[in-house]
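Visitor: Below is the structure, and that's it, no one-letter string:
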């Protein structure tokens, strides 16, 4: 009969390897669940949005706003110059 029990206090080789495989399966399963838990919010956010999501670094936003504010100042100054030129041209004609 091949079903010989090991002496008391000792475990058989097959039960040790089964315990090791259970530990390995537990680690793999736990890792899978952890990864899914961490990535699910980001995936669902993408599925809900009709636009692609890409975060913009704060520094880039600040640079863009600074550029636009300087550009607007320049455009306003140029418009004021144009209006002044028109005014002097009209005055010169009269």
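Guide: Done, it's in. What you see is a predicted model, and the numbers here were worked out from it, not measured in a lab. Numbers count the residues shown, from 1 in each chain.
Visitor: can we go C-alpha only for contacts and neighbour counts from here?
Guide: Will do.
Visitor: residues in contact with stretch 19-30?
Guide: Under the criterion Cα atoms under 8 Å, 6 or more residues apart in numbering, not a single residue lies in contact with stretch 19-30.
Visitor: pLDDT on it, on average?
Guide: Throughout stretch 19-30, pLDDT has a mean value of 91.
Visitor: just stretch 64-83 next, same as before
Guide: pLDDT averaged over stretch 64-83 gives 75.
Visitor: before we move on, what about stretch 45-59?
Guide: 77.
Visitor: Between the two ends of it, what distance do you get?
Guide: With Cα to Cα, to the nearest Å as the measure, stretch 45-59 spans 24 Å from end to end.
Visitor: So for that stretch, what gets flagged as buried?
Guide: Within stretch 45-59, no residue counts as buried by 16 or more other Cα atoms under 10 Å.
Visitor: same thing with stretch 59-69?
Guide: Under 16+ other Cα under 10 Å, stretch 59-69 has no buried positions.
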